[in-house]
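>>> Sequence first, predicted model second:
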Amino acid sequence: MIDEVLGFNPKQKEYEVFMKEITPEMARYILDKYNNDNRKMKKAQVNNITDSIIRDGWLQDGGALTFNIEGNITEFQHRLAAIAIADVTIT
């Protein structure tokens with residue numbers, strides 16, 4: 001089943017690699033629905049990333065948003081929160 005907000009199903013048994021724009025709405029949605037296996041989010045880290053985005057824009061550092069086969073994100077939670085706060089769309 002394809003998730004209507006994301007346009008793909010993050011819970012799948014086979015890995016799929018693609019690039020996609022992430023909107024602030026999608027970032028909030030991913031954090032609400034697919035962030036069940038991460039450590040507690042650190043507000044200071046989110047603030048640092050948000051400030052950097054506002055000051056310098058989104059930096060393409062090669063870091064990827066990834067999901068495990070249960071559909072939960074494995075990295076990127078602080079960046080997703082910053083995307084939502086800074087109200088930017090990134091690829």
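Yep, it's here. Residues are numbered from 1 along each chain as shown.
>>> Now do Lys43, the pLDDT please.
pLDDT for Lys43: 97.
>>> distance of it from Gln60?
25 Å (CB to CB, to the nearest Å). (Glycine included, C-beta is placed from N, CA and C.)
>>> so what's Leu59 up against?
With contact taken as CB atoms under 8 Å, 6 or more residues apart in numbering, Leu59 is in contact with Ser52.
>>> where along the protein do the helices fall?
For the chain, applying DSSP state H gives helices covering 24-33, 43-56, 77-86.
>>> Any idea which residue is closest to the centre of the chain?
Leu80 (3.9 Å; CA atoms, centre = their mean).
>>> Return the residues in contact with that residue.
Per CB under 8 Å, 6+ apart, neighbours of Leu80: 22, 27-28, 30-31, 35, 65, 73.
>>> one more time with 7 Å
Contacts here follow CB atoms under 7 Å, 6 or more residues apart in numbering; on that basis Leu80 touches 27, 30-31.
>>> Quick one: these as TSV, columns for neighbour count too.
As requested, the contacts of Leu80 are exported to TSV (neighbours: other CB atoms under 10 Å):
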residue	neighbour count
Ala27	25
Ile30	24
Leu31	18
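>>> Just give me the closest of those to Asn9.
Ile30 (12.8 Å; CB to CB).
>>> ok, now how distant is that closest one from Val88?
Distance from Ile30 to Val88, by CB to CB: 15 Å.
>>> Then Leu65?
Separation of Leu65 from Val88 (CB to CB) stands at 14 Å.
>>> Which one's more surrounded, these two?
Shown here are Leu65 and Val88; by other CB atoms under 10 Å, Leu65 has more neighbours (20 against 17).
>>> which residues does that one contact?
Going by CB under 7 Å, 6+ apart, Leu65 touches 22, 73, 76.
>>> what is the second one paired to in the beta sheet?
Taking DSSP bridges as the rule, Ile73 bridges to Phe67.
>>> Go ahead and confirm it touches Asn36.
No. With contacts counted by CB atoms under 7 Å, Ile73 stays clear of Asn36, the gap being 8.8 Å.
>>> Of the contacts of Leu80, just say which sits nearest to Lys11.
Closest to Lys11, out of all of the contacts of Leu80 and judged by CB to CB, is Ile30, at 12.4 Å.
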